[in-house]
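1. Coordinates for the following, if possible.
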Amino acid sequence: MTFGDRLREYRQHRGWSLADLSKATHYHRSYLSNLENGRKVPNEDLARVCDEVLRAKGELIAAARGDTVSKLDQTPWQTAELIQRMQASDTTAGTLESLHSTVEELCCQYNHRDALGLRQEAHSWLQHVAGLLRRPVGLKAHADLLVAGGWLALLAGCVEYDLGMRTAAESTRTAAMQLGLEAGHPEIAGWGHEMTAWFALTQGRFRQAVDAAQRGQAVAQRSSVHVQLIAQEAKAKARLGESDLHAVLENGKEILNRLPYPDRPDNHFKIDPAKWDYYAMDVHRIAGDNDLASQYARTVINDNITPDGHELSPMRVSECRITLGIVAGREGDLEQAVGLGISGLKDGRQSKVHLQMIAGELDQELRRRFPSEGLVTEFEEALRGI
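-> Residues are numbered from 1 along each chain as shown. Sure, this is the predicted structure:
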């Protein structure tokens, strides 16, 4: 599908006219019409602006590059060639650039790829990087390899935790933190703290989650992870019943607005405005702001479903459905609450520990409001299934 086709598809999916798109992007309506009809070729800056305002999560950027298919899937021979170069201790700039592209591609597969398969591939690449680090290389190449290894370890640790492998995830997280510190890379080190906060949050250790998030902010240096750390702090504070949530959320939104829109918003370790809505939804749900929680949940679902119905981030969509289920339960609609809750537990890409926490919060709401209803038992049976 061409860029023009994708642009028209997303514009219509959002319910926008060409005039609406022109107003949001500051590009002339006739020029946008020519793009949609294939009479003009897009540049990457325009594609990035359109992707941001239409919340296409990198789809329009990829279409502009003529690369809607994963680079690794499209040209698997490049992966084999890269491994051969690395085994031959080839640490030229070209090899390292290819390695970083491969690592980023893997990070972009986090939201939808089978967790076990992704973990296996991340560990395989970590072994190749570790082998090169044991050989004599230049200082710059050594630093580049540490960075690549750091991102790979972060990815592997996240997937391990999604699979319920808590001990392995903590070990991998520690390794990622060490690689980030050795490389002098504050963003990788910040993500190491973020994982500590995430682990603590999902295990009910909310005060420790706040502490880890604040430690991470001290080293993150206003990078993308700084925003995620603020989000984790807000989510933990909401569960502690603290009252300064608005100030925390505003601080995170302010920092996010100053960051450039990411080239690959589908990268798990990059934050874009759509992802911030997902965090705000959680905070408002816990704080009891039902209207805002529902508004954010519907926005996130809309942002993560393509015009043809494909879910870009099944994990986010699942949590949004459970959020809408919690709001329905609070409003007295048990049938809708259970239906939404069960749909949020459906098979597919899951972060099991995180999903159990959110679904457990729905279960508590239902047990408190409908203590003797059979539908609640039906939901609990589905919850036990994960």
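2. can we go C-alpha only for contacts and neighbour counts from here?
-> OK.
3. contacts for the helix or strand containing Val219?
-> With elements taken from DSSP states H and E, the one containing Val219 is helix 206-220. With contacts defined as CA atoms under 8 Å, 6 or more residues apart in numbering, helix 206-220 is touched by 186-187, 189-194, 196-201, 226, 229-230, 232-233, 236-237, 239-240.
4. That one: which residues count as buried?
-> Buried positions in helix 206-220, judged by neighbour count with 16 or more other CA atoms under 10 Å: 206-217, 219-220.
5. Looking at those residues, which is nearest Glu381?
-> Nearest to Glu381 among the buried residues of helix 206-220, counting by CA to CA, is Phe206 at 27.0 Å.
6. what about the protein, any weak spots by pLDDT?
-> Along the chain, segments meeting pLDDT under 70 span 67-91.
7. most centrally placed residue in it?
-> His268 (4.0 Å; CA atoms, centre = their mean).
8. Distance check, it against Pro262.
-> Counting by CA to CA, to the nearest Å, the separation of His268 from Pro262 is 11 Å.
9. just Leu179 next, same as before
-> Distance, Leu179 to Pro262, using CA to CA: 23 Å.
10. which of the two has more neighbours?
-> Applying other CA atoms under 10 Å to Leu179 and Pro262 shows that Leu179 carries more neighbours, namely 23 against 16.
11. Thr323: what's it in contact with?
-> Thr323 neighbours (CA under 8 Å, 6+ apart): Asp282, Arg285, Ala293, Ser294, Ala297, Leu362.
12. That one: helix or strand, and which one exactly?
-> According to DSSP H and E, Thr323 maps onto helix 314-330.
13. Just the CA atoms of whichever helix or strand comes after that helix, as PDB, please.
-> Sequence-wise, the next helix or strand downstream of helix 314-330 (DSSP H and E) is helix 334-344. The C-alpha coordinates for helix 334-344 follow below in PDB (Å, rounded to 0.1, in the frame of the first residue of the first chain):
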ATOM      1  CA  LEU A 334     -22.100  -6.000  35.900                       C
ATOM      2  CA  GLU A 335     -22.700  -7.700  32.600                       C
ATOM      3  CA  GLN A 336     -20.800  -5.200  30.700                       C
ATOM      4  CA  ALA A 337     -18.000  -5.100  33.300                       C
ATOM      5  CA  VAL A 338     -17.500  -8.900  33.100                       C
ATOM      6  CA  GLY A 339     -17.800  -9.000  29.300                       C
ATOM      7  CA  LEU A 340     -15.100  -6.300  29.000                       C
ATOM      8  CA  GLY A 341     -12.900  -7.900  31.600                       C
ATOM      9  CA  ILE A 342     -13.000 -11.300  29.900                       C
ATOM     10  CA  SER A 343     -12.300  -9.700  26.500                       C
ATOM     11  CA  GLY A 344      -9.200  -8.100  28.100                       C
END
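14. Show me the contact partners of helix 334-344.
-> Here helix 334-344 makes contact (CA under 8 Å, 6+ apart) with 317-322, 324-329, 359, 362, 366, 370, 375-376, 378-379, 382-383.
15. do the same with stretch 256-267
-> Here stretch 256-267 makes contact (CA under 8 Å, 6+ apart) with 48, 52, 57-58, 61, 104-105, 107-111, 223-224, 227, 270-273.
16. what's the helix or strand where Leu366 lies packed up against?
-> Counting by DSSP H and E, the element that carries Leu366 is helix 352-369. Applying 3 or more CA pairs under 8 Å, 6 or more residues apart in numbering; DSSP states H and E, we find helix 352-369 packed against helix 139-162, helix 186-202, helix 314-330, helix 334-344, helix 374-384.
17. what about 7 Å?
-> helix 186-202, helix 314-330 (3 or more CA pairs under 7 Å, 6 or more residues apart in numbering; DSSP states H and E).
18. any chance of the ones you listed in a markdown table, plus distance to Leu145?
-> Below are these laid out as a markdown table (distance: least, CA to CA, whole Å):
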| stretch | distance to Leu145 |
| --- | --- |
| helix 186-202 | 13 |
| helix 314-330 | 31 |
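19. right, and the ones you listed - which one's nearest Thr95?
-> Across the helices and strands packed on helix 352-369, closest to Thr95 is helix 186-202 (CA to CA), at 21.4 Å.
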